[in-house]
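Engineer: kindly return the folded structure for what I paste below:
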Amino acid sequence: MENKKIKIAMMSYAMDNRPNKGTALYTRKLVENLLSDDGLELSLVHFKKMADPLYDNGREIIMPSLNLPRGNQFFSQLLFFWQYRKNKFDIIHWFQPRLYPFYWLAPAKKIIVTAHGAGELTAAKTRLLSSRIFRFILKNLNNRVDIVIAVSENAREEIIKYYKIPPEKTKAVYNGGGENYQPLEKGAALAQIKNKYRIGAPFILDVSRLMPHKNINSLIEAYMLYRDKYSGPEKLVIVGSPMFDYKKTYSLAENCRYKDDIYFIDFVKQEDLNAVYSAAEVFVFPSLSEGFGLPAIEAMASGTPVITSNITSLPEVAGEAAILIDPLNVEEMAETINKVLSDENLKNDLIKNGLVQAKKFTWEKTAKQTKEIYLNLMRKAD
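Structural biologist: So this is what the prediction gives:
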């Protein structure tokens, strides 16, 4: 394969119309970093034309559309398979663990899926029929998949355990993200976001979609306890779109005695996110299930001390640069928030160690290791 370009179909629809979502960011950064590689011939495959300049830099393939009321994407993908059956790719790479039935008919010698982790099974994110189908296929019909990529070693172990993927068909490749953020002067950061998002200082921050496994309810309870016990002046800012069971979260906040100091922001533009992180006094990320935990690295890179969960991938990714807590122990969470906010030496140590830790994770490194997987697969195919 030394002198021949590897033909790869990248199922890029995972990034379409999904700004700031973890899977979409992973897809975008991988595509951006691999497009300029002279050893690869990339085709970006998606369902419909997008106003996205990234598609201008590569070979774009739009799958046929039947405009059906249901099942349109499923049949579109089958038609794409049929169209390219005589002009096969070397590799087809899905960036989500969402394989449609008959994915094994894909016109490629090798199939790669980035599953990130096993959160689709362990966190019970959604009960939608389509999600149940995707979970069933990857768990029970995975023999045609050549490699499943996880975004941490913990996530890889989950994939082996819950999806029953043979260990030799799994690889761990860390996400990037550390290089896209930097510490901003707190006053300047606050000035950038104050009027646009109506955020006032000082504040505690979490960046999480409102889903049960993100454990926002425990954070709100810990925040109430922190205010009761320590009389701190900080507000609580939660950045993330409402997804599943979010009404319970809103209700909990609305009935809280500090409801006027709890702010929900559905969406922050990418160019403002660095400022949001840097303006915060502390970043608290008590998630119950993460394949990687990108917001923790983004906060570290922005110069903000981090408190996060002591379970799943988060201890692995945070290393010794964050304080790890039991995410369901609201008393411990409240006490730790107070400890960080009241101890300048501890806060400064967390900031310093976080900046070092964040530099370990770059999208360039993610792309390089992913390319190595491509090369190894094709060596075995020859």
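
Engineer: from here on, contacts and neighbour counts on C-alpha atoms
Structural biologist: Will do.

Engineer: could I get the pLDDT score of the residue nearest to Ser287 when sequence neighbours are not counted?
Structural biologist: Leaving aside its sequence neighbours, Ser287 sits nearest to Lys214 (C-alpha to C-alpha, 6 or more residues apart in numbering; 4.3 Å). We note a pLDDT of 95 for Lys214 in this prediction.

Engineer: Leu68 now?
Structural biologist: Reported pLDDT for Leu68: 85.

Engineer: going forward, count from 15.
Structural biologist: Sure, I'll start counting at 15 from here, so that last one is Leu82.

Engineer: Pro247: neighbour count?
Structural biologist: Pro247 has 12 neighbours, counted by other C-alpha atoms under 10 Å.

Engineer: ok, now the one 5 residues further on?
Structural biologist: Counted with other C-alpha under 10 Å, residues neighbouring Ile252 total 22.

Engineer: just checking, what packs against whichever strand or helix holds Val298?
Structural biologist: For Val298, the host element (DSSP states H and E) is strand 296-299. Packing contacts for strand 296-299, counted by 3 or more C-alpha pairs under 8 Å, 6 or more residues apart in numbering; DSSP states H and E, involve strand 217-221, helix 308-315, strand 320-323, helix 344-356.

Engineer: run through who's touching it.
Structural biologist: 217-222, 233, 291, 309-310, 313, 318-323, 351, 354-355 (C-alpha atoms under 8 Å, 6 or more residues apart in numbering).

Engineer: ok, the residue nearest to Ser301 - contacts?
Structural biologist: 222, 300-303.

Engineer: roughly how far apart are it and Ile234?
Structural biologist: Counting by C-alpha to C-alpha, to the nearest Å, the gap from Lys228 to Ile234 is 12 Å.

Engineer: which SS class is the nearest residue to Lys124 once chain neighbours are set aside?
Structural biologist: Spatial nearest neighbour of Lys124, chain neighbours left out: Ile105 (4.7 Å); criterion: C-alpha to C-alpha, 6+ apart. Three-state assignment for Ile105 (DSSP: H, G, I helix; E, B strand; the rest coil): strand.

Engineer: these two touch, right, Ile105 and Lys123?
Structural biologist: Yes: using C-alpha atoms under 8 Å, Ile105 is in contact with Lys123, at 5.9 Å.

Engineer: neighbours of the nearest residue to Pro216 once chain neighbours are set aside, how many?
Structural biologist: Spatial nearest neighbour of Pro216, chain neighbours left out: Glu248 (5.0 Å); criterion: C-alpha to C-alpha, 6+ apart. Neighbours of Glu248 under the rule other C-alpha under 10 Å: 21.

Engineer: same deal with Gln110?
Structural biologist: Neighbours around Gln110, by other C-alpha under 10 Å: 21.

Engineer: doesn't it belong to a strand?
Structural biologist: No: secondary structure of Gln110, determined by three-state DSSP: coil, with no strand assignment.

Engineer: what about Tyr40, which SS state?
Structural biologist: helix.

Engineer: list the contacts of it.
Structural biologist: 109, 189 are the contacts of Tyr40 under C-alpha under 8 Å, 6+ apart.
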